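Engineer: Got a sequence here, can you model it:
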Amino acid sequence: MLSDVHASSIRLRSERSSDMAVACDITANSVVAELFDMALCRSYSRTALYGVKISADNAYETLKRFIPTALRSADVPAKAVKSAVFSADVHVSDDLEQTITADELSLHSETQICFVPYISARLSGRFTATLLTVPRENFLAADVGASLCIAESKNGALRCAGFPLSGAFDGTALESGMPSENGAIDAVRRERDGTIAYEVVGDADSLGISPSGALCAARIMLSENIIDADGIMTDRDLFAIGEDFFVSQSDIRAIQSDKAKCSAAFEMFNGEKTYLSGAPFANDEGFKAMAAIGALPKGEIGFCGNSALRGAENYLLSEKYRETARDIVKNAEDISEQVLDKFEEKYFEHLCFVKKY
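Structural biologist: A predicted model of the protein is given here:
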């Protein structure tokens, strides 16, 4: 994981109204804020902070510095921000709801502060936000990051479960890991002349490897027998990506564990169509690599990078979305404990890599 803190900001539009909102997504290793123009119904700017470990102990102080920075970067005055919404893990959300105020975020005192509600201790507000972006009937939805949150909607019933992952799919367990932000190597391929080529988010100097980039490397390693079905690197200790970054044996072990957990969970749920989100799906290559190593379910699949941020924006847009979120929290059944034994059994069944092309 990155050892230094980094930040990036991008202006998405040149014009805005005076009716702005902040949608903020907080993960274990990043904070992303989008300034959303409520009058024009479009994102205006995006600011990300990464290379920092976020917990209930430091989220309050981090946001006090980060939100004003996001406003300054976008040249948006505090008085223009009418509301702010946060999607976060349960422990972070609980702590912030009790401590944070508009004044402490350098917002106007009348700015409305809200948090996307969570389903259970395992299923955070981030996952509720994810569910606000998918159809309401007969689907399978999952968000993949520090944990795997999965929900099956069928005939009006919503069954959910949450399982902790090993850190490959949010980058925290990768030796050169980072979120899919500026500077992240997020796609890797073997050229015809044998060289390894890679792409970097924002065409910036590379800082580390995102989950999608590491998955692309694992796909190459598997196809070229650099790792065997048991995940063992057969003739080297590192797989180099450029001069500065690499995928190690410990990285492969984390990827192997997380892919087995995803495979086990997906096998216990089903839906007419599957909707996926999370760092591994930051681009098409990451999605293909997930499929190639055997981590995805069969059938029709749609995917996107960060549906939690989109869902948080939906939560701000109208009372209809907020009512939907309340319905989700009220009616969703968390069956994590009920399926835990079966999940662990299937996990061991899926540990071996199976080539799928």
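Engineer: going forward, measure contacts and count neighbours with C-alpha atoms only.
Structural biologist: OK.
Engineer: is it true that E333 touches R159?
Structural biologist: Yes - at 4.9 Å, E333 and R159 qualify as touching, with contact defined as CA atoms under 8 Å.
Engineer: Surely C352 is in a strand?
Structural biologist: No - read with DSSP: H, G, I helix; E, B strand; the rest coil, C352 is coil and lies in no strand.
Engineer: quick one: what helix or strand has V134 in it?
Structural biologist: Take DSSP states H and E as the rule and V134 turns out to sit in neither a helix nor a strand.
Engineer: Would you quantify the distance from it to V22?
Structural biologist: Counting by CA to CA, to the nearest Å, the separation of V134 from V22 is 22 Å.
Engineer: same deal with C216?
Structural biologist: 33 Å.
Engineer: so where does K342 fall, helix or strand?
Structural biologist: Using DSSP H and E, K342 falls in helix 336-349.
Engineer: related to what we said a few turns ago, so for V134 and V22, which sits in the more crowded spot?
Structural biologist: V22 (28 against 16; other CA atoms under 10 Å).
Engineer: Against G271, how distant is the more buried one?
Structural biologist: Applying CA to CA to V22 and G271 gives a distance of 33 Å.
Engineer: cool, and S248?
Structural biologist: From S248 across to G271, the span is 36 Å (CA to CA).
Engineer: what does V201 give?
Structural biologist: 33 Å.
Engineer: quick revisit: list the helices and strands the helix holding K342 packs on?
Structural biologist: With contacts taken as 3 or more CA pairs under 8 Å, 6 or more residues apart in numbering; DSSP states H and E, helix 336-349 sits against strand 157-164, helix 249-267.
Engineer: Pick the most deeply packed of those.
Structural biologist: Using mean count of other CA atoms under 10 Å, the stretch among the helices and strands packed on helix 336-349 with the largest mean neighbour count is helix 249-267, at a mean of 23.
Engineer: contact partners of that helix?
Structural biologist: Identification of contacts with helix 249-267 by CA atoms under 8 Å, 6 or more residues apart in numbering yields 148, 150, 163, 165-169, 173-175, 215, 218, 231-233, 237-238, 290, 293-297, 343-344, 346-353.
Engineer: partners of the next helix or strand after that helix, with directions?
Structural biologist: Following helix 249-267 in sequence order, the next helix or strand is strand 274-278 (DSSP H and E). Using DSSP bridges, strand 274-278 pairs in its sheet with strand 139-144 (parallel), strand 301-304 (parallel).
Engineer: what's the angle between strand 274-278 and helix 249-267?
Structural biologist: 150 degrees (axes from the mean of the first three to the mean of the last three CA atoms, to 10 degrees).
Engineer: Count the neighbours of the residue nearest to T27 when sequence neighbours are not counted for me.
Structural biologist: Leaving aside its sequence neighbours, T27 sits nearest to A88 (CA to CA, 6 or more residues apart in numbering; 6.4 Å). A88 has 26 neighbouring residues, counting by other CA under 10 Å.
Engineer: Also A33?
Structural biologist: A33, neighbours per other CA under 10 Å, totals 24.
Engineer: what does E344 give?
Structural biologist: 14.
Engineer: Over to stretch 76-94 now: how far is its first residue from its last?
Structural biologist: 28 Å.
Engineer: Tell me how far that stretch lies from the chain's centre.
Structural biologist: 18 Å (CA atoms, centre = their mean, to the nearest Å).
Engineer: how about it: buried residues?
Structural biologist: Using 16 or more other CA atoms under 10 Å as the burial criterion, the residues of stretch 76-94 that qualify are 76, 78, 80-90, 92-93.
Engineer: Among those residues, name the ones in strands.
Structural biologist: The members of the buried residues of stretch 76-94 that map onto strands under DSSP state E are V81, K82, S83, A84, V85, F86, S87.
Engineer: Is it correct that the last one is in contact with D94?
Structural biologist: No - counting by CA under 8 Å, S87 does not reach D94; the two are 11.0 Å apart.
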